[in-house]
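Novice: Quick one, what's the 3D model for this:
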Amino acid sequence: MFAVADGETIYGELKHQLGQYLNDEMTLDQFVFWYIPATWNIHQIEHERAIDLTYAIDLRLAEHSNGNLSDGELKELLAKELKNHA
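Specialist: Alright, predicted model coming up:
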């Protein structure tokens, strides 16, 4: 787990792990297993880009788990988010 103040590390790792999921190097379940504890206290860091990306991922995962997004749509929208954070 990362130190709360280490926003740049969290942000970099978040983009890396999301990229691995989008490139089929890990399953959605594996990504979520990593993602939830890694971002649990994201609101406590002072890194706006990390917080923005986390909340965007949260929204898409919620839409997917509610059946509002297919697997393909989820990946498409997450890829756009990652591109916006390149």
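Novice: Going by C-alpha atoms from here, please, whenever you check contacts or count neighbours.
Specialist: OK.
Novice: Just the pLDDT at residue 8, thanks.
Specialist: Residue-level confidence at residue 8 comes out at 85, pLDDT.
Novice: residue ranges with poor pLDDT in this protein?
Specialist: 1-5 (pLDDT under 70).
Novice: how does it look with 90?
Specialist: 1-9, 41, 43-46, 86 (pLDDT under 90).
Novice: Go ahead and flag the most central residue of it.
Specialist: Centroid-nearest residue in the chain: residue 57, 4.6 Å away (criterion: CA atoms, centre = their mean).
Novice: Backbone dihedrals for the closest residue to that one other than its chain neighbours, please?
Specialist: Excluding the flanking residues, the one nearest residue 57 by CA to CA, 6 or more residues apart in numbering is residue 78, at 6.8 Å. When read as degrees, to the nearest 10, the backbone of residue 78 gives phi -70, psi -30.
Novice: would you put the C-alpha positions of the helix or strand harbouring residue 14 in PDB?
Specialist: Per DSSP states H and E: residue 14 is located in helix 7-22. The C-alpha coordinates for helix 7-22 follow below in PDB (Å, rounded to 0.1, in the frame of the first residue of the first chain):
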ATOM      1  CA  GLY A   7       0.200  10.900  -4.900                       C
ATOM      2  CA  GLU A   8       2.500  10.800  -7.800                       C
ATOM      3  CA  THR A   9       3.400   7.100  -7.100                       C
ATOM      4  CA  ILE A  10      -0.300   6.200  -6.800                       C
ATOM      5  CA  TYR A  11      -1.100   8.100 -10.000                       C
ATOM      6  CA  GLY A  12       1.600   6.400 -12.000                       C
ATOM      7  CA  GLU A  13       0.700   2.900 -10.700                       C
ATOM      8  CA  LEU A  14      -3.000   3.600 -11.400                       C
ATOM      9  CA  LYS A  15      -2.200   4.400 -15.000                       C
ATOM     10  CA  HIS A  16       0.100   1.400 -15.300                       C
ATOM     11  CA  GLN A  17      -2.400  -1.100 -13.800                       C
ATOM     12  CA  LEU A  18      -5.200   0.300 -15.900                       C
ATOM     13  CA  GLY A  19      -3.100   0.000 -19.000                       C
ATOM     14  CA  GLN A  20      -2.400  -3.700 -18.200                       C
ATOM     15  CA  TYR A  21      -6.100  -4.300 -17.900                       C
ATOM     16  CA  LEU A  22      -6.800  -2.500 -21.200                       C
END
